[in-house]
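K.L.:
Sharing a model prediction with you, sequence too.
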Amino acid sequence: MRFAANLSLLFPEHVSFAERCARVAAQGFSYVEMLFPYDLHPQEYLLPLEDHGLQPLLINTPIEADHFGLAALPEAKERFRADFDRALHTAYSLGVPAIHVMAGITQHIEAQHWQDTLQENLSYALHQATGTGITLQLEALNRRDLPGYAYWNPADVLTIVQAMNSPQLKLQFDFYHSLVEGLPLLETLQSCRDMVSHVQIADPAQRHEPNLQQHPEMLQALLYLLNTQYLGSIGCEYKPAAQFEQGLKFLVILQQAGLCTTPEHTSCT
């Protein structure tokens with residue numbers, strides 16, 4: 001399976017985008033994730049990506065100081081549509097095949113109200129994305145980090161995705177969020193596997209690189225993905241305990257298990 005480097009979390013804020021691209025490419029990564037590529041013009045992101053032969057796979061819709069996503073907020077429909085159009089333009093400009101649509105904090109909104117809003121906004125987004133080849137994704141986020149977010153259980157995301165019944169809407173599954181919530185990882189992944197288009201991984205303790213010895217269930221889940229012909233990527237969306245390069249040692253275990261095909265030039269070869 002191929003692993004993608006998350007350019008946003010794997011480095012401290014002071015590291016330039018160009019340096020991030022150079023360092024992940026030096027470790028053999030060909031695929032990357034970018035959380036919020038909106039500070040620069042898309043061309044300023046594209047040039048370093050192209051210079052280092054990197055294919056971006058995923059971006060998120062924007063967040064701001066006053067919100068963590070707008071798709072489920074009834075009073076913010078126009079703002080959501082403007083933000084989604086911006087994300088779609090950015091994804092198209094960078095050749096990104098997937099957008100994580102951020103729902104937002106809904107704890108003070110009546111459930112049916114925010115769910116109706118989310119459905120309406122997803123319908124708009126899917127219409128806008130028609131013909132682009134870009135997949136939209138929803139992801140359950142844990143309550144420890146994001147209390148009040150619209151959904152923390154992948155089962156709830158699965159219900160929404162199935163109700164929308166669009167081939168362009170899929171489920172983004174993060175080992176980290178499920179483990180933080182104490183969910184049985186393998187069983188939870190199995191329950192929604194058919195709708196999963198992208199997977200991410202991190203250790204549940206402090207969101208560092210995966211400790212596969214302490215959490216063998218992550219290895220079991222990866223083996224399950226391999227055995228079910230999962231064709232997507234595994235996003236390394238974590239904050240290294242030390243330097244980025246040192247944090248890649250967990251790939252040795254994955255290589256020994258026959259799970260890691262990319263990156264090519266790290267210890268996982």
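P.N.:
Thanks, I have the structure now. Numbering: from 1, shown residues only.
K.L.:
Next, the buried residues of stretch 41-60.
P.N.:
With burial defined by 16 or more other CB atoms under 10 Å, the residues of stretch 41-60 counted as buried are 42, 45-46, 48-49, 52, 54-60. Heads up, the C-betas are built off the backbone N, CA and C, glycines and all.
K.L.:
Include distance to residue 153 and pLDDT when you put these into CSV, please.
P.N.:
As requested, those are exported to CSV (distance: CB to CB, whole Å; pLDDT from 0 to 100):
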residue, distance to residue 153, pLDDT
42, 34, 97
45, 33, 98
46, 36, 98
48, 37, 98
49, 34, 98
52, 37, 98
54, 33, 98
55, 31, 98
56, 28, 98
57, 24, 98
58, 21, 98
59, 24, 98
60, 20, 98
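K.L.:
Could I get those in TSV, plus columns for distance to residue 162 and secondary structure?
P.N.:
As requested, these are arranged in TSV below (distance: CB to CB, whole Å; DSSP: H, G, I helix; E, B strand; the rest coil):
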residue	distance to residue 162	secondary structure
42	33	helix
45	34	helix
46	35	helix
48	38	helix
49	34	helix
52	38	coil
54	33	coil
55	29	strand
56	28	strand
57	24	strand
58	22	strand
59	24	strand
60	22	strand
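K.L.:
Next, give me the two most distant ones among the residues you listed.
P.N.:
Farthest-apart pair in these is 52 and 60; separation 21.8 Å (CB to CB).
K.L.:
ok, which stretches of the stretch 1-150 of the chain are helices?
P.N.:
Secondary structure of the stretch 1-150 of the chain by DSSP state H, counting those that start in this stretch: the helices cover 17-26, 42-51, 77-94, 111-129.
K.L.:
now those in a markdown table, with distance to residue 220?
P.N.:
Below are the helices of the stretch 1-150 of the chain laid out as a markdown table (distance: least, CB to CB, whole Å):
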| stretch | distance to residue 220 |
| --- | --- |
| helix 17-26 | 27 |
| helix 42-51 | 33 |
| helix 77-94 | 33 |
| helix 111-129 | 32 |
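K.L.:
which one of those lies closest to residue 242?
P.N.:
Of all the helices of the stretch 1-150 of the chain, helix 17-26 comes closest under CB to CB, at 13.8 Å.
K.L.:
Alpha carbons only: can I get that closest one in PDB?
P.N.:
The C-alpha trace of helix 17-26 is given here as PDB (Å, rounded to 0.1, in the frame of the first residue of the first chain):
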ATOM      1  CA  PHE A  17       6.300  24.700   2.200                       C
ATOM      2  CA  ALA A  18       9.200  24.200  -0.300                       C
ATOM      3  CA  GLU A  19      11.400  22.600   2.400                       C
ATOM      4  CA  ARG A  20       8.600  20.300   3.400                       C
ATOM      5  CA  CYS A  21       8.200  19.100  -0.200                       C
ATOM      6  CA  ALA A  22      11.900  18.600  -0.500                       C
ATOM      7  CA  ARG A  23      12.200  16.600   2.800                       C
ATOM      8  CA  VAL A  24       9.300  14.200   2.100                       C
ATOM      9  CA  ALA A  25      10.500  13.600  -1.400                       C
ATOM     10  CA  ALA A  26      14.000  12.900  -0.100                       C
END
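K.L.:
Enumerate the positions of it that are buried.
P.N.:
Of the residues in helix 17-26, 17, 20, 21, 23, 24, 25 count as buried by neighbour count, 16+ other CB under 10 Å.
K.L.:
Repeat that for stretch 234-250.
P.N.:
234, 235, 236, 237, 238, 239, 240, 244, 247, 248, 250.
K.L.:
Surely the fourth one is in contact with residue 173?
P.N.:
If I follow you right, that is residue 237. No. Using CB atoms under 8 Å, residue 237 is not in contact with residue 173, being 11.6 Å away.
K.L.:
How much space separates the closest residue to residue 123 other than its chain neighbours from residue 232?
P.N.:
Leaving aside its chain neighbours, residue 123 sits nearest to residue 164 (7.6 Å; criterion: CB to CB, 6 or more residues apart in numbering). Distance from residue 164 to residue 232, counting by CB to CB, to the nearest Å: 19 Å.
K.L.:
higher neighbour count, the two?
P.N.:
The neighbour count for residue 164 versus residue 232, taken as other CB atoms under 10 Å, is higher for residue 232 (19 against 16).
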